[in-house]
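**Student:** I need the structure of the sequence given here:
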Amino acid sequence: MRPVGSKYLLEEPLGRGATGTVWRARQRETAGSEAAVPGQPGETVAIKVLKEELANDADVVMRFLRERSVLLRLTHPNIVRTRDLVVEGDLLALVMDLVDGPDLHRYIRDNGPMTPVAAALLTAQIADALAASHADGVVHRDLKPANVLVRDTAEGMHPMLTDFGIARLADSPGLTRTHEFVGTPAYVAPESAEGRPQTSAVDIYGAGILLYELVTGRPPFAGGTALEVLQRHLSEEPRRPGSVPEPLWTVIERCLRKNPDERPSAENLARGLRAVAEGVGVHATPAQIAAAAGVGALLAPDPSPAPVPAAADADPTQVLPSNAGSHDPGAATNVMPHTGPAGAGDATSVMPPVPPRPDDAPQQPDGPHPWQNQMRAARDRNEQTQVQQYLDPNQDPLRRRRPQRQVNQPQQPPPQQQYAPQPQQQRYAPPPPQQPQPQRYAPPPQQQQRPPREPRRRSSNPMRIPGLGCLKGCLFSLIIVFVAGWLIWELSPLQEWLDTSKGYWEQLTDWTSNVTGWISDLGGDSGGAS
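**Tutor:** Below is the predicted model of the structure:
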């Protein structure tokens, strides 16, 4: 077990995401007053340890500390509660309640799409959580099925939205630049993809895609690359599947509007989804059906959506009070006295001027293209984990450095310089296409051939008589018949039954004569008749 701070111990990993790893942990002592939930020793919690590149970024650490109060006070029955924040050296971690259940992505993969009523009621609870967070000025910005945990209760499925604040922590000046978005390409809003100002309407767009996926099993926009998915978000309209009722499609279509000002607020979205769930059920009354048909009137836009703070925005610098006495914030800046000996300190040096660029020099762009920034952001932080394809051993930098066994070659003497680049290392480079080479780790193709099988030895008599085998079998059968008949004649009471004293061969001869005579008589009769 690995300690996190002085109050928690990591036990086992539960899952890995784009921003960190979630661990099952145990609290070993009561947290201090800075934690939202002190907890008790031995209590099981979930801890998300952020990735090292986030923990090593000073902007992320400062944003982490500034937003401590925002994350700790964000409480709702459908939001996974943040209990404590841990900042220790190069480690940043969020201590949360442990939810025993899968996420929606895994649930859909294992159980398939939901019914329209179940999808509407579940998304309504998620909209309740978004309404509470938007009222506190917190925008999730990465709403997707993988960030919704599902817990079974007596009332049914209880969704809980997690990873609040992770997008804001990752959206720091050190990690993001102008025109970049925070989110997964399949669930990102058009204004985020274009780098336009974002508001709480991006969460409504994500809720619409999540609702579409709950009833169909797949998101509305897909493609072979992240760039293709983003382009479809910007230019295409979703198509209504045949299994989606008209009132529910009205809600989905309103959430997926390209213009964020036309999307409903989270509170109105929850109200509209519950009206749809009542109107499309099998026991709906005429009044409920009529209310579901007019759900568009309930989906009013948010008049004052919560804005997303810009990456470069920061809290204004505050003057700390002096312990020596009163401090005047409006006083002039004082110059600190020089404490070292004269001439000991380096004087402030002026950087040499930058030579002007000639007029005919080509103009360089100020930065990468916005699409390149978006692709880099989606690839580095926000895309879901994918299974790595097969890697050719010739292209594997780890395997290429292994010593290769040479077949039928004398061992080369070791070089005198151990760490100098060797010309023999060229044998590890991948061969050119025109010279095929077997795989490095497969057995060498020069395998010892098996000795030829000796031909079957035949009889020394070269003569082969046709039917000789059949003749031998017939003779052997006759011998067996005669011997069996003699044993039966001598050992059985057959002689008494026939009332004869003749021997076996005499009786056999007599029978043969009778049969021969009978055949002759039969032939004579046939000849006379003809």
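
**Student:** please count neighbours and contacts with C-alpha atoms only from this point.
**Tutor:** Will do.

**Student:** how close does residue 496 sit to residue 508?
**Tutor:** 16 Å (CA to CA, to the nearest Å).

**Student:** and if you look at residue 99?
**Tutor:** 100 Å.

**Student:** show me which of residue 496 and residue 508 is the more surrounded one.
**Tutor:** residue 508 (15 against 9; other CA atoms under 10 Å).

**Student:** any low-confidence regions in the stretch 301-450 of the chain?
**Tutor:** 309-450 (pLDDT under 70).

**Student:** I meant to write the chain there.
**Tutor:** 165-183, 309-451, 454-468, 499, 524-530.

**Student:** for it, what spans make up the strands?
**Tutor:** 2-4, 8-16, 20-27, 44-50, 82-88, 91-96, 148-153, 156-161 (DSSP state E).

**Student:** which one, of these, ends up nearest to residue 73?
**Tutor:** In terms of CA to CA, the element of the strands of the chain nearest to residue 73 is strand 82-88, at 8.3 Å.

**Student:** quick check: closest non-adjacent residue to residue 486.
**Tutor:** residue 504 (6.3 Å; CA to CA, 6 or more residues apart in numbering).

**Student:** so which of the strands of the chain gets nearest residue 59?
**Tutor:** Here strand 91-96 is closest among the strands of the chain (CA to CA), at 12.6 Å.

**Student:** of the strands of the chain, which approaches residue 132 most closely?
**Tutor:** strand 156-161 (11.6 Å).

**Student:** so the closest one versus strand 148-153, what angle?
**Tutor:** 150 degrees (axes from the mean of the first three to the mean of the last three CA atoms, to 10 degrees).

**Student:** helices or strands up against strand 156-161?
**Tutor:** Packing partners of strand 156-161 (3 or more CA pairs under 8 Å, 6 or more residues apart in numbering; DSSP states H and E): helix 116-135, strand 148-153.

**Student:** just name the most buried of these.
**Tutor:** helix 116-135 (a mean of 22; mean count of other CA atoms under 10 Å).

**Student:** hmm, back to that, turn the strands of the chain into JSON lines, including distance to residue 207.
**Tutor:** Below are those laid out as JSON lines (distance: least, CA to CA, whole Å):
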{"stretch": "strand 2-4", "distance to residue 207": "34"}
{"stretch": "strand 8-16", "distance to residue 207": "23"}
{"stretch": "strand 20-27", "distance to residue 207": "23"}
{"stretch": "strand 44-50", "distance to residue 207": "24"}
{"stretch": "strand 82-88", "distance to residue 207": "22"}
{"stretch": "strand 91-96", "distance to residue 207": "23"}
{"stretch": "strand 148-153", "distance to residue 207": "11"}
{"stretch": "strand 156-161", "distance to residue 207": "11"}
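
**Student:** what sits against residue 35?
**Tutor:** 72, 83, 84, 85 (CA atoms under 8 Å, 6 or more residues apart in numbering).

**Student:** tell me the one of those nearest residue 123?
**Tutor:** Among the contacts of residue 35, and counting by CA to CA, the member closest to residue 123 is residue 72, at 24.1 Å.

**Student:** which ones are touching residue 258?
**Tutor:** Per CA under 8 Å, 6+ apart, neighbours of residue 258: 190, 234.

**Student:** switch to 10 Å and redo it
**Tutor:** 189, 190, 191, 205, 233, 234, 235, 236, 237 (CA atoms under 10 Å, 6 or more residues apart in numbering).

**Student:** the last one: how many residues sit nearby?
**Tutor:** Yep, that's residue 237 we're talking about. Neighbour number of residue 237 under other CA under 10 Å is 14.

**Student:** again, but for the fourth one
**Tutor:** Other residues near residue 205 number 27, with proximity taken as other CA under 10 Å.

**Student:** can you tell me how far it sits from residue 144?
**Tutor:** Residue 205 is 10 Å from residue 144, by CA to CA.

**Student:** give me the common contacts of the two.
**Tutor:** 187, 188, 211.

**Student:** of all the helices and strands packed on strand 156-161, which one comes closest to residue 308?
**Tutor:** Comparing the helices and strands packed on strand 156-161 by CA to CA, helix 116-135 comes nearest, at 10.3 Å.

**Student:** what's the closest of the shared contacts of residue 205 and residue 144 to residue 111?
**Tutor:** Distances from residue 111 to the shared contacts of residue 205 and residue 144, taken by CA to CA, are shortest for residue 211, at 15.7 Å.

**Student:** hang on, the earlier thing: now the buried members of the shared contacts of residue 205 and residue 144.
**Tutor:** Using 16 or more other CA atoms under 10 Å as the burial test, those include 187, 188, 211 as buried.

**Student:** for the first one, list the residues it contacts.
**Tutor:** Yep, that's residue 187 we're talking about. Neighbours of residue 187 in contact, by CA under 10 Å, 6+ apart: 141-145, 202-203, 205-210, 219-222, 229-230, 233.

**Student:** if we use 8 Å, what do you get?
**Tutor:** Residue 187 neighbours (CA under 8 Å, 6+ apart): 142, 143, 144, 205, 206, 209, 210, 219.

**Student:** OK, contacts around the third one?
**Tutor:** Read it as residue 144. 187, 206, 207, 210.

**Student:** any idea how far the third one lies from residue 273?
**Tutor:** I take that to be residue 207. For residue 207, the distance to residue 273 - CA to CA - is 11 Å.

**Student:** between these two, what contacts are shared?
**Tutor:** With CA under 8 Å, 6+ apart as the test, residue 207 and residue 273 both reach residue 123.

**Student:** quick one: buried residues of the longest helix seen in the chain?
**Tutor:** If you go by DSSP state H, the chain has its longest helix at helix 504-529. Residues residue 504 are the ones in helix 504-529 that count as buried (16+ other CA under 10 Å).

**Student:** let the chain start at 197 from now.
**Tutor:** OK, 197 is where the count begins now, so the last one is helix 700-725.

**Student:** re earlier: just put the contacts of residue 231 in JSON lines and tack on distance to residue 474 and neighbour count.
**Tutor:** As requested, the contacts of residue 231 are exported to JSON lines (distance: CA to CA, whole Å; neighbours: other CA atoms under 10 Å):
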{"residue": "268", "distance to residue 474": "35", "neighbour count": "18"}
{"residue": "279", "distance to residue 474": "36", "neighbour count": "23"}
{"residue": "280", "distance to residue 474": "39", "neighbour count": "23"}
{"residue": "281", "distance to residue 474": "41", "neighbour count": "23"}
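
**Student:** of those, just say which sits nearest to residue 330.
**Tutor:** Looking across the contacts of residue 231 and measuring by CA to CA, the closest to residue 330 is residue 268, at 15.0 Å.

**Student:** mind listing residues that contact stretch 279-294?
**Tutor:** 200-201, 220, 230-234, 240-246, 248, 251-252, 257, 264, 268, 276-278.

**Student:** and residue 690, what is it in contact with?
**Tutor:** residue 684.

**Student:** what distance do you get for it to residue 679?
**Tutor:** On the measure of CA to CA, residue 690 and residue 679 end up 15 Å apart.

**Student:** one step back: of the contacts of residue 340, closest to residue 455?
**Tutor:** residue 402 (13.8 Å).

**Student:** list the contacts of that closest one.
**Tutor:** So residue 402 contacts 338, 339, 340, 383, 384, 385 (CA under 8 Å, 6+ apart).

**Student:** farthest pair in the residues you listed?
**Tutor:** Checking those with CA to CA, the most distant pair is 340 and 385, at 11.9 Å.

**Student:** in the sheet, who's paired with residue 216?
**Tutor:** residue 246 (DSSP bridges).

**Student:** pretty sure it is touching residue 243, no?
**Tutor:** No. Judged on CA atoms under 8 Å, residue 216 makes no contact with residue 243 at a distance of 10.0 Å.
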